[in-house]
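Trainee: sequence and computational prediction follow.
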Amino acid sequence: MDRITPVVLCGGSGTRLWPRSRAAKPKPFLPLVGEGTLFEATLARCADEARFTAPLVVTGAAHLPHVEAQLGPRGGGIIVEPTARNTAAAIALAALRLPPEAIMLVCPSDHHIADPAAFAEAALAAAGLAAQDWLVSFGIEAKTPETGFGYLKRGDAIGSGPGARVAQFVEKPDLERARAFIASGDYAWNGGIFAFRAGFFLDELARHRPEIAAGARAAVAAGRSEGAHFHPDPAAFAQIHAESVDYAVMENTDRAAMVPAAMGWSDIGNWEALHEARARDAAGNHVTGPAELIDCRHVLVDSDGPRVNVIGLENVMIVVDQGEILITSAAGAQKVGKLHGALNQ
């Protein structure tokens, strides 16, 4: 099989991990777990030159300096979106810049994956199905009844490998349904990682969302190259309806497949998720920056300077960044993006 092309989607409004993450520098470009940034870790998972080509990154002009600074010595192509139009259009741009037979591995740039070897194994399995014109999702092992994720219901097996048809896409369920999904063992989280053959993805996009496909083609046809950068035509791209690839294609195609991926995945969707992904002490606490904790359990402190002193708290996140202070319970972490400071940057 030919090498896989990583298509890395970079963006973000910097609200869910505010105030550390900001619109000017959202979470893909921050060192949130370990030494490198989430974007750098995404590239590192696809660094094996025997399996993967250099990446193709899709990002907005505002984040281009961060992408260029962190792309690394291998480099890669960059598509500079003139405006944000969600994932269906972003993936279409990448597909149109690749040969029809290219196998695309679509990766968000802001996820944490604790087991890169398991990721690579799932990527190879997904690529094998994509080469047979399946549109493949990574089915993330669902260990807990999360209500913030979409789910995939596993259908009939495809061949003798680990892949299967997707029997059903389920939007974010309530807690009772999520618990039933976990108990059944038939469901996985939909992590937003995909493998497609570029030409077949464009065929299915044209079949189910012809206006998005036509808009992307027009934007690419009238676009311009500038070294390793490609700039789609702004006027044509602005006409495209913003829609996720899940709604536009995956939930409509009759060629939806999934491969299982037990790889320590997190979308780092809020401060509680980030706390879970970070190393913690015996009491479940994590500290970044100067702090002292006494009689605390499951407390996260992340400070860019001022010393934080905490006594007797449980399940609390405390963040200090550039003069902003955030204090939230673990349960309230989902609502950080609703704060005035996060919304009005």
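Mentor: Sure thing, it's come through.

Trainee: residues contacting the residue positioned nearest the centre of the chain?
Mentor: Per CA atoms, centre = their mean, the C-alpha nearest to the average position across the chain is that of residue 108, at 2.9 Å. Residues in contact with residue 108 (CB atoms under 8 Å, 6 or more residues apart in numbering) are 8-9, 42, 192-193, 267. Using the backbone N, CA and C atoms, a C-beta is placed for each residue, glycine as well.

Trainee: any idea what it is bridged to?
Mentor: Applying DSSP bridges to residue 108 gives these bridge partners: residue 9.

Trainee: tell me the pLDDT of it.
Mentor: pLDDT for residue 108: 97.

Trainee: can you check residue 1 too?
Mentor: Per-residue confidence at residue 1 stands at 66 (pLDDT).

Trainee: ok, residue 12 next?
Mentor: 84.

Trainee: and it, how far from residue 280?
Mentor: To residue 280, residue 12 is 25 Å away according to CB to CB, to the nearest Å.

Trainee: ok, the two, which is more surrounded?
Mentor: residue 12 (24 against 15; other CB atoms under 10 Å).

Trainee: excluding chain neighbours, what is closest to the more buried one?
Mentor: In space, and not counting its chain neighbours, residue 12 is closest to residue 26: 3.1 Å by CB to CB, 6 or more residues apart in numbering.

Trainee: residue contacts, that neighbour?
Mentor: Contact partners of residue 26, counting by CB under 8 Å, 6+ apart, are 11-14, 63, 110.

Trainee: show me what the host helix or strand of residue 79 is in contact with.
Mentor: Assigning secondary structure by DSSP states H and E places residue 79 in strand 77-81. Contact with strand 77-81 is made by 54-61, 64, 67-68, 71, 90, 93-94, 97, 228-232, 237, as judged by CB under 8 Å, 6+ apart.

Trainee: give me the buried subset of these.
Mentor: Burial by neighbour count, judged by 16 or more other CB atoms under 10 Å, picks out 54-60, 64, 67, 71, 90, 93-94, 97, 230-232, 237 from the contacts of strand 77-81.

Trainee: quick one: mean pLDDT for the helix or strand harbouring residue 212?
Mentor: Taking DSSP H and E as the criterion, residue 212 maps to helix 210-221. Here helix 210-221 scores 98 as its mean pLDDT.

Trainee: just the CA coordinates for it, please, in CSV.
Mentor: What follows is helix 210-221, C-alpha atoms only, in CSV (Å, rounded to 0.1, in the frame of the first residue of the first chain):
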residue,chain,number,x,y,z
PRO,A,210,-23.0,19.1,-4.0
GLU,A,211,-22.9,22.8,-3.1
ILE,A,212,-19.9,22.3,-0.7
ALA,A,213,-18.1,20.1,-3.2
ALA,A,214,-18.7,22.7,-6.0
GLY,A,215,-17.6,25.6,-3.8
ALA,A,216,-14.4,23.9,-2.7
ARG,A,217,-13.6,23.1,-6.4
ALA,A,218,-14.2,26.7,-7.4
ALA,A,219,-12.0,28.0,-4.5
VAL,A,220,-9.1,25.6,-5.4
ALA,A,221,-9.4,26.3,-9.2
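
Trainee: next, the angle strand 77-81 makes with it.
Mentor: 120 degrees (axes from the mean of the first three to the mean of the last three CA atoms, to 10 degrees).

Trainee: contacts for the longest helix seen in the chain?
Mentor: Criterion DSSP state H: the longest helix present in the chain is helix 116-130. Contacting residues not belonging to helix 116-130 are listed as 1, 4, 44-46, 48, 51, 103-105, 113, 136, 138, 158, 161-163, 194-197, 200, 257, 259-264 [CB under 8 Å, 6+ apart].

Trainee: what comes up buried for that helix?
Mentor: Within helix 116-130, the residues scored as buried using 16+ other CB under 10 Å are 116, 118-130.

Trainee: ok, stretch 217-224 next?
Mentor: Buried residues in stretch 217-224, counted by 16+ other CB under 10 Å: 217-220, 223.

Trainee: also stretch 36-48?
Mentor: 37-43, 45-46.
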